[in-house]
Structures are given as structure tokens and as C-alpha cells.
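Student: okay, predicted coordinates and the sequence, questions at the end:
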Amino acid sequence: MAKMWAGRFSKEVDETVNAFNSSISFDGRMYRQDIRGSVAHATMLSDCGIIPKDDAQKIIAGLKGILSDLDSGALEMDPTAEDIHMFVEAELTKRIGDAGKRLHTARSRNDQVALDVRLILRDEIAEIRVLLKKLLQTLVQLAEQHTETIMPGYTHLQRAQPVTLAHHLLAYVWMLLRDDGRLADTAKRMNYCPLGAGALAGTTYPINRHQTARLLEFTAPVPNSLDAVSDRDFCVELANALSLLMVHLSRFSEEIILWCSWEFKFIELDDAYATGSSIMPQKKNPDVTELIRGKTGRVIGDLTTLLTMLKGIPLAYNKDMQEDKEAVFDAIDQAKLCLKTFDPMLATMRVNKENMRAAAAKGFINATDCADYLVKKGLPFRDAYKITGTLVARCISEGLTLETLPLAAYREACPQFDEDVYSAIALETCLNGRISEGGPSAEAVAGQLRLAKQAIEALNA
Ligand code: ARG
């Protein structure tokens with residue numbers, strides 16, 4: 001494709017440089033946003049008397065034709081074009097002649113690309129938030145089914161104190177709600193229109209930046225023309241929000257990988273969401289969750305790419321910034337893929353309540369409650385803690401649990417122990433006694449579920 005800027009040059013650009021420079025293979029994805037921006041720009045130019053009305057009409061009709069031909073596939077993108085902006089403009093001029101050459105008045109590709117990226121990220125954030133809301137709803141539904149499903153809570157991956165699956169799942173609900181908050185916040189902060197900044201220093205034409213901002217549903221124009229064309233903070237913010245979202249999905253994935261191992265057997269994945277081995281017939285592998293864990297590294301890499309790309313470039317536009325798109329689009333695509341796969345995988349997994357309960361019944365997760373029993377009988381917590389420690393050691397050496405240790409052994413350690421110690425350390429007692437706000441008892445979880453449902457309903461995704 002002939003260069004727009006050929007007049008300044010006495011030679012054709014080297015083929016390798018052409019291919020190296022071209023971004024259409026990845027910015028072609030923004031064609032709808034590019035055309036939408038151009039329609040708004042042409043409308044404004046005409047309303048401000050900068051281009052003739054009938055030229056603007058031709059431009060807008062031409063752009064709409066290009067849009068529907070690209071949508072239908074009747075028009076293919078030229079892979080040798082420099083970028084989507086050049087391609088659309090050249091195609092427009094091909095279709096409507098001289099009027100097409102007026103579109104780029106009072107505009108530069110620098111404000112144009114800054115606009116297109118903001119527009120597409122805004123759309124993508126809206127899509128991601130819909131997927132996230134769906135996952136949140138699945139989690140709450142699962143939690144509602146498992147308020148009585150006792151499982152061990154862990155610290156250091158050692159059985160610690162009893163919780164329920166509902167309580168465990170709700171922890172992820174709160175993480176994902178914060179992720180949604182970060183996405184909403186990113187969308188809000190990026191919603192300022194860079195159009196009209198020109199190459200870097202505005203324009204001498206009497207443009208109306210408020211009109212284009214309004215037509216494109218932005219809050220207001222970006223107040224500084226240099227910032228308008230050199231800012232990619234919104235790409236960083238989005239990649240950051242997505243990295244943290246991925247970290248949450250990855251932690252959850254790691255738990256699911258553990259839970260479906262033979263060692264745990266807390267859950268079984270549906271056959272549709274697991275894979276087999278080419279050699280070991282017994283295998284059922286949690287590939288989906290492993291891929292999510294793996295892709296998390298990739299999204300964090302995208303964030304690092306963006307930060308590193310930006311850190312050394314002076315104001316205003318530099319071609320380094322063309323590298324923003326592949327990184328931020330990849331973060332978006334990977335996060336969307338993960339959300340789309342994770343949700344139905346969770347919804348279809350089978351929970352093995354018996355194994356969860358059996359794991360909770362071993363491992364002395366009622367030891368804190370045993371100590372608390374003595375505290376209620378008047379002992380200081382530190383003494384109670386020490387006595388219980390000796391009892392646990394005795395159980396381990398005799399192959400017993402606190403439930404099966406004879407009362408005589410309890411009394412030997414401390415005469416304050418009575419027959420009622422057994423009901424005090426029963427699993428259900430230990431769980432349902434944890435009534436503090438935010439705790440795992442059925443009563444506390446019911447309150448938490450109410451709050452979570454309210455928060456999810458209030459999301460405007
Ligand atoms: N393809 C370019 C990008 O993605 C568009 C802006 C080009 N501007 C320039 N002055 N070369 O950043």
C-alpha cells in the first residue's frame with residue numbers, strides 16, 4: 001500500500017521495515033472503535049464549519065459502508081497496511097474520493113490511536129465484568145448448597161480449624177468483588193477523551209473537543225494534549241486489575257488441583273472439564289486449572305511488558321507505545337478465556353462431603369476448642385494451650401484423637417476436664433461455636449451470604 005507520507009521521502013521503505021513497523025495484524029481488532037471515532041470527528045468538523053457538510057455526509061456514509069463490509073467479511077484488511085487507521089482512511093478515499101482526504105483534518109494518529117485503545121478497553125472491561133458477575137453468582141449458589149459441608153481450614157497447608165465449604169468459597173467471592181471494583185475504577189478513570197490533542201500540541205482549527213467527548217460517551221476531554229497522546233496508564237491499570245484477578249483464579253485453581261488429587265479427594269471434576277493421559281489409563285487430570293495457573297504468569301508478564309515499555313519514554317508519542325496493544329489485548333483475552341472455562345468447571349464439579357468431613361475429623365482441628373474449654377473453666381489461655389499441647393502429643397504417640405482419648409487421660413493432664421469435654425470438642429460444636437462476624441458457623445455464614453448477594457446484585461455489570 002502506498003504511504004500517506006510518501007511526499008517527504010525519496011525512496012520506498014525497505015520491505016522488512018514495512019513489515020516490522022506494521023501493526024494492522026493486531027490493531028485491526030479496533031476497526032469498529034476506529035470508525036466510531038472517525039464518525040464523531042467528522043460530525044464535529046462539519047458542525048464547527050471546518051469541513052463542508054456534504055463532505056462530512058459522504059465521509060460518514062463511506063465509513064458506515066466500510067464498517068458493514070468489514071463486519072460481513074466483504075472487505076478484508078490489507079495486511080500490508082501500516083495500521084488500522086491508515087487502512088480505513090485509504091479505503092475511505094478509495095470509495096468516496098477527495099472528501100475522504102478531509103477526514104484527517106485537525107487530527108493525528110497519535111490522538112486517534114489513544115482514542116481507539118480507550119474505546120476498545122472500555123468495551124472489553126464491560127464484557128469481563130459480565131463474565132465476572134456470572135462467576136460470582138455460581139460461587140454464591142455453590143456456597144448456599146454447602147453451608148453445612150464441614151471441611152478443614154488450613155494454615156501452612158496443615159489442618160488448622162474447621163470451616164465449611166460455603167465459607168471457603170465466600171472468601172473467593174470477596175476477592176472477586178474487589179477485582180470487579182478495580183475494573184470499574186479503571187474504566188471510570190480512563191473515560192476521558194484524547195481526541196483533539198492532535199499529534200501532541202492541539203490544533204489551530206476551531207474544534208469542539210466537548211462535542212466529540214460527548215458523542216463518544218466520555219466524561220470529558222483529557223485536559224492536557226501531551227498527556228492525552230502519551231498516557232497509557234489505563235493499559236497498565238487494566239493489566240494490573242487482570243493480573244490480580246488471575247492471581248485469585250490461580251490460587252483457587254491450585255486448591256482445586258489439590259482437592260481432586262487422590263491424597264485429598266474432596267472434589268471430582270466433571271468429565272467434560274478434565275483430560276486423560278495418553279499413556280496412563282487411570283489418569284483424570286485437572287488441565288483447566290493448571291492452565292489458569294500457568295496463564296497467570298503470562299498475564300503478569302503482560303503487565304511487566306507495559307510498565308517496562310513506558311518507563312523510559314519521553315513525552316509525547318513514541319513508537320514504543322505501539323507495543324501496548326499486544327500486551328493489553330493478550331491480558332484481556334487470557335482473562336476472558338479463563339473466566340469462561342472456570343465458571344462451568346466449578347458449577348459441574350462434584351463435592352465429596354464425606355471426605356471433607358473425614359479430613360476435618362482428623363488432624364486435631366479441635367485443639368483450639370479444647371484449650372478454649374479449659375479457659376471457660378477459668379484457666380488462663382496460655383496454660384490451657386500448653387495442657388492441650390501435651391494431650392495432642394499423647395494422642396499422636398498412642399494413635400488416638402482428642403475424641404477417643406479417655407477421660408482419665410484428660411484428668412491426668414488437668415483435673416478441670418469433665419465428661420462434657422467430648423461435646424465441647426465435637427466437630428459441629430467447634431464449627432457452630434464460631435459465631436463471630438465473618439466466621440464459619442452456619443449463622444455467621446448466613447449473614448455473609450446476604451451481604452455477598454447484595455454486593456453482587458448491586459454490580460452494574
Ligand atoms: N500504529 C500506531 C500505534 O499503534 C499508531 C500511531 C502512529 N503514530 C505515529 N506517529 N507513527 O501506536
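Tutor: The structure has been received and is ready for your questions. Numbers count the residues shown, from 1 in each chain.
Student: got a list of what Lys336 touches?
Tutor: If you count contacts by C-beta atoms under 8 Å, 6 or more residues apart in numbering, Lys336 has them with 124, 127-128, 131. Heads up, the C-betas are built off the backbone N, CA and C, glycines and all.
Student: I'd like those laid out as TSV, including neighbour count and pLDDT.
Tutor: Output for the contacts of Lys336, formatted as TSV (neighbours: other C-beta atoms under 10 Å; pLDDT from 0 to 100):
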residue	neighbour count	pLDDT
Glu124	21	98
Glu127	13	98
Ile128	23	98
Leu131	18	98
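Student: out of those residues, name the ones that lie in helices.
Tutor: 124, 127-128, 131 (DSSP state H).
Student: looking at these, which one is closest to Leu245?
Tutor: Ile128 (8.2 Å; C-beta to C-beta).
Student: does the closest one touch Ile332 like I think?
Tutor: Yes: with contact defined as C-beta atoms under 8 Å, Ile128 reaches Ile332; the gap is 7.0 Å.
Student: and stretch 230-249, what's buried?
Tutor: Residues of stretch 230-249 classed as buried by neighbour count (16 or more other C-beta atoms under 10 Å): 230-232, 234-249.
Student: so which residues on the protein come close to the ligand?
Tutor: 23, 27, 83, 109-110, 113, 317, 319, 321-322 (C-beta under 6 Å from any ligand atom).
Student: by neighbour count, which of these wins?
Tutor: When neighbours are taken as other C-beta atoms under 10 Å, the top entry among the residues of the chain next to the ligand is Asp27 (27 neighbours).
Student: ok, then the element right after the host helix or strand of Gln334?
Tutor: Using DSSP states H and E, Gln334 sits in helix 324-348. Counting by DSSP H and E, the element after helix 324-348 in chain order, helix or strand, is strand 350-351.
Student: list the strands paired with that following strand, with their directions.
Tutor: Paired with strand 350-351 in the same sheet, following DSSP bridges, are strand 267-268 (antiparallel).
Student: wait, which of the ones in helices among the contacts of Lys336 is closest to the ligand?
Tutor: Glu124 (16.6 Å; C-beta to the nearest ligand atom).
Student: once you drop chain neighbours, what's closest to that closest one?
Tutor: Ile332 (4.9 Å; C-beta to C-beta, 6 or more residues apart in numbering).
Student: now for the one you found: which residues touch it?
Tutor: Ile332 touches 121, 124, 128, 238, 242, counting by C-beta under 8 Å, 6+ apart.
Student: do Arg107 as well
Tutor: Contacts of Arg107 (C-beta under 8 Å, 6+ apart): 41, 195-196, 198, 203.
Student: for it, give me the pLDDT.
Tutor: In this model, Arg107 is scored at 98, pLDDT.
Student: let me know the secondary structure of it.
Tutor: Following DSSP: H, G, I helix; E, B strand; the rest coil, Arg107 is assigned to coil.
Student: sorry, back to before: what do Ile128 and Ile332 both touch?
Tutor: Listed as contacting both Ile128 and Ile332 by C-beta under 8 Å, 6+ apart are Leu242.
Student: the residue nearest to Leu67 when sequence neighbours are not counted and Gly363: what is the separation?
Tutor: Distance criterion C-beta to C-beta, 6+ apart; nearest residue to Leu67, sequence neighbours excluded, is Ile35 at 4.8 Å. Relative to Gly363, Ile35 is positioned 62 Å away (C-beta to C-beta, to the nearest Å).
Student: next one: Glu91
Tutor: From Glu91 over to Gly363 the distance is 68 Å, taken as C-beta to C-beta.
Student: same question for Val130.
Tutor: In terms of C-beta to C-beta, Val130 sits 41 Å off from Gly363.
Student: tell me what the helix or strand hosting Glu428 is packed against?
Tutor: Element membership for Glu428 (DSSP H and E) is helix 427-432. Applying 3 or more C-beta pairs under 8 Å, 6 or more residues apart in numbering; DSSP states H and E, one finds that helix 427-432 contacts strand 150-155, strand 158-164, helix 353-361, helix 442-457.
Student: now those as TSV including mean neighbour count and mean pLDDT?
Tutor: Formatted as TSV, those follow (neighbours: other C-beta under 10 Å; pLDDT from 0 to 100):
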stretch	mean neighbour count	mean pLDDT
strand 150-155	20	96
strand 158-164	20	95
helix 353-361	17	95
helix 442-457	16	97
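Student: quick one: low-confidence parts of the protein?
Tutor: Residue ranges of the chain with pLDDT under 70: 1-2, 461.
Student: one step back: show me what the helix or strand containing the residue nearest to Leu67 is in contact with.
Tutor: In this assignment (DSSP H and E), Ile35 forms part of helix 31-47. For helix 31-47, the surrounding residues in contact (C-beta under 8 Å, 6+ apart) are 51-53, 55-57, 59-60, 63-64, 66-67, 70, 77, 84-85, 88, 102-103, 105-107, 112, 115-116, 119-120, 123, 195, 205, 207-208, 211-212, 215-216.
Student: so between Glu91 and Gly363, which is more surrounded?
Tutor: Each of Glu91 and Gly363 has its neighbours counted (other C-beta under 10 Å); Glu91 has more, 22 against 14.
Student: which ones are touching the more buried one?
Tutor: Glu91 touches 66, 75, counting by C-beta under 8 Å, 6+ apart.
Student: using the three-state scheme, assign it.
Tutor: Per three-state DSSP, Glu91 ends up helix.
Student: same deal with Lys11?
Tutor: Taking three-state DSSP, the label given to Lys11 is coil.
Student: returning to that earlier point: list the buried ones in the helix holding Glu428?
Tutor: Neighbour count says helix 427-432 has 427, 429-432 buried, by 16+ other C-beta under 10 Å.
Student: is it correct that Ile396 falls within a strand?
Tutor: No: counting by three-state DSSP, Ile396 is not part of a strand but helix.
Student: surely His168 touches Met151?
Tutor: Yes: between His168 and Met151 a contact is recorded at 6.7 Å, counting by C-beta under 8 Å.
Student: can you tell me the SS state at Ile279?
Tutor: Applying three-state DSSP: Ile279 is coil.
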